[in-house]
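# next input, structure requested:
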Amino acid sequence: MTIEYALLDVFANAPFQGTQIPVVNLAGHTLDEAAKKAIASEFQQTETVFIQPEHPVPASVYTAKGPQHFGAHTILAASFMAFELGLSKSEGAFASFLLEQDSGLIESFIDDRDGVPGAIQFARVLSPTVDRYTPEVARLAAALNTEEKHISFSKYKSMVVSVDRPTLIVPFTRPEHVVAASLNHERWAELLGDMYTSELFLFAPGSITGGTEFHGRLLNPGLAKDVYPPIGNVMPEFIAYLAEQQETATGTHTFSVDRGSVATRKSVLHVEFDKKNGREVRCRIGGNVIKMGEGKLFYS
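The predicted structure is shown next:
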């Protein structure tokens, strides 16, 4: 059989930027889980989206290990292809698309530019938990192979925030210090007795692309040095972190954050969130998607 697919650059402001997400169109085909895992393995990208128009739940996400939850990148990728395939609902100047996850719904909104999908945004309600106890700055700096002053002089403080997964969020003073950081595995192992997460999100005010309020980077012990993985899936934690700051006033806030380095692919994510009394935070996460290519898989 022949199966069509598209290769998308997600959260990209220009071609060959952002995160590559393959989207496989299963119109007229039915594949079992083993076949989807095999196809995801063939692409060797972070995740692969499958669209099955005839199915009541038309979109799913896989890696070589099996089905995954939708995250920011795969929501945008699925929404882009749903618009192109006529699966979204026209709302006039935009279209909407519903994805199902854990018996809940995620709604996305796609700008309709005369029949061409434009910027895409999705909404979530966050109910985070926050732990302000984190290792002292000197120990964090040693574990991140950076100077203590690059962390201690930030106006923000480290904390562990959990929405989808516990994440240690560490503020830096400048984006170049975030890019230069790396895990000292021996020093990091010494901290694990005081921590209940191995996921870190490093951020600093400023930009490497010249047009964002923040720069961010995801780190964990399983990543090789000088790797800059997608950060969309940790945006709920980062949004909740910013909403938790005392200087963040009640009301609606907007910001953008970029990811990558001067020599690697760069992503730009746009965020809005509403801070109200209480812990619950409403947010919208969005960005641009660029279709980079189309192809066919020959599968039997």
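# can you tell me the closest non-neighbouring residue to the most centrally placed residue in the chain?
When the chain is reduced to its mean C-alpha position, the nearest residue by Cα atoms, centre = their mean turns out to be G232, at 1.0 Å. What sits nearest to G232 in space, not counting adjacent residues and going by Cβ to Cβ, 6 or more residues apart in numbering, is A72, at 2.8 Å. Where C-beta positions appear, they are placed from N, C-alpha and C, glycine not excepted.
# list the contacts of that neighbour.
11, 122, 230, 232-233, 235, 269, 285 (Cβ atoms under 8 Å, 6 or more residues apart in numbering).
# any idea how far it is from D274?
According to Cβ to Cβ, to the nearest Å, A72 stands 18 Å off from D274.
# kindly report the same for C283.
C283 sits at a distance of 7 Å from D274 (criterion: Cβ to Cβ).
# kindly report the same for H177.
31 Å.
# same check, this time on A14
Distance of A14 to D274, given as Cβ to Cβ: 30 Å.
# ok, the two, which is more surrounded?
Neighbours were counted for A14 and for D274 using other Cβ atoms under 10 Å; D274 has more, 15 against 12.
# now the more buried one, what's its secondary structure?
Using DSSP: H, G, I helix; E, B strand; the rest coil, the secondary structure recorded for D274 is strand.
# the closest residue to it other than its chain neighbours sits in which helix or strand?
The spatial neighbour of D274 that comes closest, neighbours along the chain excluded (Cβ to Cβ, 6+ apart), is R282 at 4.4 Å. Using DSSP states H and E, R282 sits within strand 281-287.
# skip ahead from the strand or helix carrying R217 and say which helix or strand is next.
Following DSSP H and E, the helix or strand that holds R217 is strand 214-219. Next helix or strand after strand 214-219 toward the C-terminus (DSSP H and E): helix 235-244.
# for the next helix or strand after that next one, buried residues please.
Using DSSP H and E, the helix or strand that directly follows helix 235-244 along the chain is strand 251-259. Of all the residues in strand 251-259, those buried under the rule 16 or more other Cβ atoms under 10 Å are 253, 255-259.
# quick one, longest helix in this protein?
Using DSSP state H to define each element, the chain has its longest helix at helix 72-84.
# relative to helix 235-244, how tilted is it?
Relative orientation of helix 72-84 and helix 235-244, computed by axes from the mean of the first three to the mean of the last three Cα atoms, to 10 degrees: 120 degrees.
# give me the number of residues near V178?
V178 - counted by other Cβ under 10 Å - has 28 other residues nearby.
# C-terminal to whichever strand or helix holds it, what's the next element?
Assigned by DSSP H and E, V178 falls within helix 175-180. Next along the chain after helix 175-180, taking DSSP H and E as the criterion, comes helix 185-191.
# who touches the residue nearest to the centre of the chain in this structure?
10-11, 19, 71-73, 76, 267, 269, 285.
# may I see these arranged in TSV, with distance to H150 and pLDDT as well?
Conversion of the contacts of G232 to TSV gives the following (distance: Cβ to Cβ, whole Å; pLDDT from 0 to 100):
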residue	distance to H150	pLDDT
V10	30	98
F11	26	98
T19	27	96
G71	29	92
A72	27	95
H73	28	96
L76	32	97
S267	23	97
L269	23	98
I285	28	97
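# pick out the most distant pair among these.
Among those, the pair separated by the greatest distance (Cβ to Cβ) is T19 and I285, at 13.7 Å.
# show me what counts as buried in the lowest-mean-pLDDT helix or strand in the chain.
Ranked by mean pLDDT, DSSP states H and E, the weakest helix or strand in the chain is helix 185-191, scoring a mean of 88. Under the neighbour-count criterion of 16+ other Cβ under 10 Å, helix 185-191 has 187-188, 191 buried.
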